[in-house]
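Undergrad: I would like the atomic coordinates for the input below:
(chains A and B)
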There are 2 protein chains.
Amino acid sequence: MEPKIRIGIAGYGNLGKGVEFAISQQPDMELAGIFTRRDPDSVHPVGDRVSVYPLANVEDYTEEVDVMILCGGSRADLPEQGPALAKLFTTVDSFDTHAKIPEYFDALEEAAKPAGTTALLSVGWDPGLFSLNRLYGETVLADGVTYTFWGKGLSQGHSDAVRRIEGVKNAVQYTIPSDEAISKVRAGEQPELSTREKHVRECYVVLKEGADAAAVEETIVTMPDYFADYDTTVSFISEDEMQQNHSSMPHGGFVIRSGKTGNGTNQVMEYSLTLDSNPEFTSSVLTAYARAAHRLNKSGQHGAKTVFDVPPGLLSPKSPAQLRKELL
Amino acid sequence: MEPKIRIGIAGYGNLGKGVEFAISQQPDMELAGIFTRRDPDSVHPVGDRVSVYPLANVEDYTEEVDVMILCGGSRADLPEQGPALAKLFTTVDSFDTHAKIPEYFDALEEAAKPAGTTALLSVGWDPGLFSLNRLYGETVLADGVTYTFWGKGLSQGHSDAVRRIEGVKNAVQYTIPSDEAISKVRAGEQPELSTREKHVRECYVVLKEGADAAAVEETIVTMPDYFADYDTTVSFISEDEMQQNHSSMPHGGFVIRSGKTGNGTNQVMEYSLTLDSNPEFTSSVLTAYARAAHRLNKSGQHGAKTVFDVPPGLLSPKSPAQLRKELL
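TA: Have a look, this model is predicted:
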């Protein structure tokens, strides 16, 4: 039997916790340790007997970790940690600042290539599984249009924007794809959809004592960039209801390719995710791709890679023959 | 600019016609010729200036064809043509007899490996894109259940079975996934579903003059293997209605992975296809994978391969940098 793949976790927030759990579901992986910038004694892993180390000493553990899964944020953590850790380890991350992917790719390539490591970036569901479906869609149905819808999902940025309004005690915002827009796309109509037509926004708001509900609602629905371009609904609820019904982090969405073959025949490919926890799902994707990163590295494929470079079979603990027999 | 990928088509039925059309949608491919067992003069390609050659002389064209797309049937044609043509060309086929895939793979491996060709087998939507989604599903959500539903789709075998009944002039049969079953799966209930619970069958029948409708219906719904285990409806229609409403070949279906992460969090991944023409869509998948087969071959990956072995980026005419920028 092959030795288990030893996974390190860099950063222990929601994503790191999700990876810790996901490793326990994979038959051929074990957790080598958690690396944190915080005081290791202040970090409490879910599992027993999990070692927590200072991230500052991570270079002492290159012999104990096969793949490091980077669980920091895309804005401040990964641009710095990604290249630094890729010099030491084969890495997987969920870098999701779309516009900066080319630049981040180059930085990882420069770090990983000479180090003989493999740095698999932007793994998750978008970017990640959604990207794959955009690719399969446009290559198979070359004449067509691709639509990506997000939600129903909690948007952290939009929730924060509502929370900053005077008179608001607590708030969450859900982005919801428009049923009408999706129906048109599914029917093969290939509509041109404006921002307002694709998604609606739902806000649940707890007011501070004595706040003016009408003024808060007006401030929300007219807020530029965030809400003004959308159909936005605002519901006022109690703090109890907020805690009870709005404390999970659901998300998901749709990638739909609508194309034509032959003499105008409609063909529709649709991929959708309904996630009761966005970070736990992203963690599961990262963990499956850690297996692929390890195998790519062992086969000599060094440098920066994306999901587009990964043969799907490398994700599975099953042998190629078993995959052909059971899943093909 | 790279020279265009020169595609040969072996067999010119519905699938071959679909491939001819799909090639015209791809910017970097050209049709090198159609190879047929029939008299070449009796074959009329859709496009002008398309050459038709006898399949018997195919070995004279190894210098003119980069990839041969095999458009014969899985039962009688491919088991023989696949290995024979893989000795001469890099090939792509849609072999879909699930139980015989391991054996067919071995035969192709034996033919292609010493010849330095690449033989990409079982490419289409099931096996093919559905297989990929079963794989992505079970590797990401390691604790879960995968469901495949087929339809709404025309089933050739079941339609033939109805047509053989005495008193039946013409008939089509559609397999339809059960809405109730799909709703349960989508809700994360992970139900155990019997054959009868997953799909229903709809038959549209044109009777011969004087035939006994009640007897025909009884023969259909009690037919062992084909209908007895399903909820089957039978509608009697006129020959005109048959020609007008039931002459296309729609198909499609769903692959749904329902899994748990963390402390029992539900996560659902769903892939679905709604195809107005089953053969035209399969042809489009074959054609996109012909590009990948050509690239695998050029990079020295010889022998038998499946969709599990193909890095998704190889399907696209775009460069890796362009894919990262536009689709990731």
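
Undergrad: residues touching residue A:100, list them.
TA: When contacts are counted by CB atoms under 8 Å, 6 or more residues apart in numbering or on different chains, residue A:100 touches residue A:79. For every residue, glycine as well, the C-beta is placed using N, CA and C.

Undergrad: could I get the contacting residues of residue A:157?
TA: By CB under 8 Å, 6+ apart, the neighbours of residue A:157 are residue A:226.

Undergrad: any idea which helix or strand carries it?
TA: Per DSSP states H and E: residue A:157 is located in helix A:156-163.

Undergrad: need the CA coordinates for that helix. CSV is fine.
TA: C-alpha atoms of helix A:156-163 as CSV (Å, rounded to 0.1, in the frame of the first residue of the first chain):
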residue,chain,number,x,y,z
GLN,A,156,-20.1,38.8,2.9
GLY,A,157,-19.3,42.1,1.2
HIS,A,158,-22.9,43.1,0.7
SER,A,159,-23.8,42.0,4.3
ASP,A,160,-21.0,44.2,5.6
ALA,A,161,-22.2,47.2,3.5
VAL,A,162,-25.7,46.9,5.1
ARG,A,163,-24.2,46.5,8.6
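
Undergrad: list the buried ones in that helix?
TA: A:158-159, A:161-162 (16 or more other CB atoms under 10 Å in any protein chain shown).

Undergrad: report the distance from the helix or strand containing residue A:182 to the chain centre.
TA: Using DSSP H and E, residue A:182 sits within helix A:179-186. Its chain's C-alpha centre and that of helix A:179-186 lie 24 Å apart, by CA atoms, centre = their mean, to the nearest Å.

Undergrad: what average pLDDT does that helix get?
TA: Regarding helix A:179-186, the rounded mean pLDDT is 94.

Undergrad: contact partners of the next helix or strand after it?
TA: Next helix or strand after helix A:179-186 toward the C-terminus (DSSP H and E): helix A:195-198. Outside helix A:195-198, the residues that touch it by CB under 8 Å, 6+ apart are A:147, A:149, A:177-178, A:180-181, A:191, A:229-231.

Undergrad: of the buried residues of helix A:156-163, closest to residue A:27?
TA: Residue A:27 has its nearest neighbour among those in residue A:159, at 37.5 Å by CB to CB.

Undergrad: so what's that closest one up against?
TA: Counting by CB under 8 Å, 6+ apart, residue A:159 makes contact with A:171-173.

Undergrad: could I get these as JSON lines with neighbour count?
TA: Below are the contacts of residue A:159 laid out as JSON lines (neighbours: other CB atoms under 10 Å in any protein chain shown):
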{"residue": "A:171", "neighbour count": "25"}
{"residue": "A:172", "neighbour count": "22"}
{"residue": "A:173", "neighbour count": "26"}
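
Undergrad: same for chain B: which of these are within range?
TA: When the contacts of residue A:159 are checked against chain B using CB under 8 Å from any CB of the partner chain, none falls in range.

Undergrad: those in strands, which ones?
TA: Among those, the members found in strands (DSSP state E) are A:171-173.

Undergrad: make CSV out of those and add pLDDT.
TA: Formatted as CSV, the ones in strands among the contacts of residue A:159 follow (pLDDT from 0 to 100):
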residue, pLDDT
A:171, 96
A:172, 96
A:173, 96
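
Undergrad: dump the residue contacts of residue A:72.
TA: A:10-11, A:78, A:81, A:93.

Undergrad: tell me the phi and psi of it?
TA: Main-chain torsions, residue A:72, degrees, to the nearest 10: phi -80, psi 180.

Undergrad: now it. Nearest residue, chain neighbours left out?
TA: residue A:11 (4.3 Å; CB to CB, 6 or more residues apart in numbering or on different chains).

Undergrad: touching, the one you found and residue A:74? I think so.
TA: No: in this structure residue A:11 lies outside contact range of residue A:74 using CB atoms under 8 Å: 11.7 Å.

Undergrad: can you give me the strands in chain A?
TA: Using DSSP E, the strands of chain A run over residues A:5-10, A:29-36, A:52-54, A:67-70, A:90-93, A:118-120, A:144-150, A:153-154, A:168-177, A:199-207, A:231-236, A:251-261, A:265-275, A:303-305.

Undergrad: for the helix holding residue A:182, C-alpha coordinates in CSV please.
TA: C-alpha atoms of helix A:179-186 as CSV (Å, rounded to 0.1, in the frame of the first residue of the first chain):
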residue,chain,number,x,y,z
ASP,A,179,-35.9,32.4,-11.9
GLU,A,180,-37.2,34.2,-15.0
ALA,A,181,-33.7,34.7,-16.4
ILE,A,182,-32.7,31.1,-15.7
SER,A,183,-35.9,29.8,-17.4
LYS,A,184,-35.1,31.8,-20.5
VAL,A,185,-31.6,30.5,-20.6
ARG,A,186,-32.7,26.9,-20.1
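
Undergrad: do it and chain B meet?
TA: Yes: taking CB under 8 Å from any CB as the criterion, helix A:179-186 and chain B are in contact, through residue A:186.

Undergrad: list the buried residues in that helix.
TA: Neighbour counts over helix A:179-186 (16+ other CB under 10 Å) mark A:181-182, A:184-186 as buried.

Undergrad: mind listing what residue A:277 touches?
TA: Contacts for residue A:277 (CB under 8 Å, 6+ apart) come out as A:18, A:248-250, B:261-262, B:265, B:267.

Undergrad: bridging across strands, which residues link to it?
TA: Here residue A:277 sits in beta bridges with residue A:249, going by DSSP bridges.

Undergrad: and it, how close does it get to residue A:109?
TA: From residue A:277 across to residue A:109, the span is 32 Å (CB to CB, to the nearest Å).

Undergrad: repeat that for residue A:287.
TA: Counting by CB to CB, the gap from residue A:287 to residue A:109 is 23 Å.

Undergrad: likewise residue A:145?
TA: Distance check for residue A:145 against residue A:109: by CB to CB, it reads 32 Å.

Undergrad: and if you look at residue A:74?
TA: Look at residue A:74 and residue A:109: by CB to CB, they are 18 Å apart.

Undergrad: for residue A:207, same thing?
TA: Here the criterion is CB to CB. By it, residue A:207 lies 50 Å from residue A:109.

Undergrad: got the confidence number for residue A:224?
TA: pLDDT, residue A:224: 91.

Undergrad: report how many residues lie close to it.
TA: Using other CB atoms under 10 Å in any protein chain shown, residue A:224 is surrounded by 7 other residues.

Undergrad: tell me the contacts of the closest residue to residue A:313 other than its chain neighbours?
TA: Computed as CB to CB, 6+ apart, the closest residue to residue A:313 that is not its neighbour in sequence is residue B:308, at 3.5 Å. Contacts for residue B:308 (CB under 8 Å, 6+ apart) come out as A:311-313, A:320, A:323-324, A:327-328, B:131-132, B:135.

Undergrad: now swap in residue A:44 and tell me
TA: With CB under 8 Å, 6+ apart, residue A:44 has no contacts at all.

Undergrad: tell me how far it lies from residue A:52.
TA: Counting by CB to CB, the gap from residue A:44 to residue A:52 is 8 Å.
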